[in-house]
Every structure is written in structure tokens, then in C-alpha cells.
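Asks: Structure for this input, please:
(chains A and B)
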Amino acid sequence: GAVVSQHPSWVICKSGTSVKIECRSLDFQATTMFWYRQFPKQSLMLMATSNEGSKATYEQGVEKDKFLINHASLTLSTLTVTSAHPEDSSFYICSAPGLEGKNEQFFGPGTRLTVL
Amino acid sequence: GQSLEQPSEVTAVEGAIVQINCTYQTSGFYGLSWYQQHDGGAPTFLSYNALDGLEETGRFSSFLSRSDSYGYLLLQELQMKDSASYFCAVSLYGESGWGKLQFGAGTQVVVTP
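Replies: Numbers count the residues shown, from 1 in each chain, chains lettered A, B, ... in the order given. Down below sits the predicted model:
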């Protein structure tokens, strides 16, 4: 199946700093990617849809100025958490869709962000 | 808005059969997917139903009834490695096209010897 990678796999930062997370589709092109956040023992919450060549679409309640998304190429989307605070500590996961008929999403391994 | 309901936890012994139900209320429904997630890992795709009926993939089967806004995942011949969280997710058509997923809260399946 298709492979999606994320980097870094974990990051610890100080409050007030910015953190960039990369999501790459390794063996296929993705004009659309999705970013999710997952708190411990909870579900995946869709944050935004990353669109290659255009602005990201954010879900209701997600601050677009805090969570900057850039879909620079057909294989790379980045999520930057700006001015991170302890409440931003979470598991961030990206995904890319596969073939439309099967509707399978390929998820990256996730990035564990801890803000001190 | 959208909402999905599934049981929070199910416990069963090795070799048993487990059914995880999922009811949903959505607009713009495309289909129902099921994902498995082990602790600390990424979700992995199990099954997808766009039409009513049963889809079988090895030990896992999934069912959908669009008229009842209901689906289930059936896990047969349970193995210890099946201990994980299982999420149902509705596929929605977003501004960027298809592929947007709304996840349920997840069902923790615990398999005991």
C-alpha cells in the first residue's frame, strides 16, 4: 500500500516557540492531505484539509493563524504550530487519500508534540 | 453537524467473535469506514462500505444500512493482536472534494487469553 511519512516522530519544545511538522507521501502524489489531532484516549479530530497550490481549509474552531498549513508540492504538506502552549501538546497525524473508489486513507505514523 | 456513536469498550476471549456497532447522523454522507489503531500508532484502514450490505476481508467484515444510518464491524477468530481501538468514520464531501473523514469516539477492544 501507499506510504505516508511524518517528521519528526516526536518533539519537545518550550512554550512560545513554533514547531513544524512535515507530512510526505513517499510513493504517490497527493493533491489533498488531511491533518488530525488526537488527545490521549480520544478520537481523531480533523483540523484542516491541505490543498496543493491553494489555501488550506480549516475546520470550525481551529485557528488558522495558529496552525499554519503549507502544501508546497504534490508530496509534501507541513503543519506549523505557532507560539505553542502546553494545551497544544497532542498527537498530530496526517493522512492522504488513496483511490476514490476504495476510499482508503493512508495515515502517517504521527508526531507526538509536548510543549513545556 | 455530524455525530457517530459506538461503544467505548468491548472485552472478549481469544477465538471469539466481536461486533462493534456504529450509528451516525451526518449530512453529505459518502460511506462508512473502519480503522484500527494500536496504542501510540497510526490508524490503519480495515474496511469501507459505500452501499448497503456486507463487505468481507479475511477475519474482518463490515456492514452498512444507509436507511438505518447504521453499520457494524465484525471481528472473527479474535487474536491477542486484535487488542486495539477501532474507529468508525463517515466519509464526507468537503470543499476539496471527497476524502474528509469524521471519526467516532472509538471502541477499545480487549482480547483476553
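
Asks: CA only for contacts and neighbour counts going forward, please
Replies: Will do.

Asks: Give me the residue ranges of chain B where confidence is low.
Replies: B:1, B:94-98 (pLDDT under 70).

Asks: So which bits of it are right by chain A?
Replies: Within reach of chain A by C-alpha under 8 Å from any C-alpha of the partner chain, chain B has these residues: B:41-45, B:48, B:87, B:91, B:95-96, B:98-106.

Asks: My guess is A:Glu59 contacts A:Met45. True?
Replies: No: using C-alpha atoms under 8 Å as the test, A:Glu59 is too far from A:Met45 to be in contact (9.4 Å).

Asks: List only buried entries from the residues of chain B next to chain A.
Replies: Listed as buried from the residues of chain B next to chain A are B:41-45, B:48, B:87, B:91, B:99-106; burial here means 16 or more other C-alpha atoms under 10 Å in any protein chain shown.

Asks: ok so, going back, out of A:Glu59 and A:Met45, which sits in the busier spot?
Replies: Higher neighbour count among A:Glu59 and A:Met45: A:Met45, with 19 against 13, using other C-alpha atoms under 10 Å in any protein chain shown.

Asks: Tell me if I am right that that one is in a helix.
Replies: No: assessed by DSSP: H, G, I helix; E, B strand; the rest coil, A:Met45 does not belong to a helix; its assignment is strand.

Asks: Tell me how far it lies from chain B.
Replies: According to C-alpha to the nearest C-alpha, to the nearest Å, A:Met45 and chain B sit 7 Å apart.

Asks: how about that residue, what does it touch?
Replies: A:Met45 sits next to A:36-38, B:102-103 when contact means C-alpha atoms under 8 Å, 6 or more residues apart in numbering or on different chains.

Asks: what's across from it in the sheet?
Replies: A:Arg37 (DSSP bridges).

Asks: Can you read off the pLDDT for it?
Replies: Note on A:Met45: pLDDT of 94.

Asks: Any idea how many residues pack against A:Glu52?
Replies: A:Glu52 has 19 nearby residues by other C-alpha under 10 Å.

Asks: Just the element for the most centrally placed residue in chain A, please.
Replies: Chain A has A:Trp35 as the residue nearest its centroid, 3.5 Å off, counting by C-alpha atoms, centre = their mean. Taking DSSP states H and E as the criterion, A:Trp35 maps to strand A:32-38.

Asks: Could you tell me which residues within that strand count as buried?
Replies: So strand A:32-38, judged by 16+ other C-alpha under 10 Å, has buried residues A:32-38.

Asks: This completes my enquiry, with thanks.
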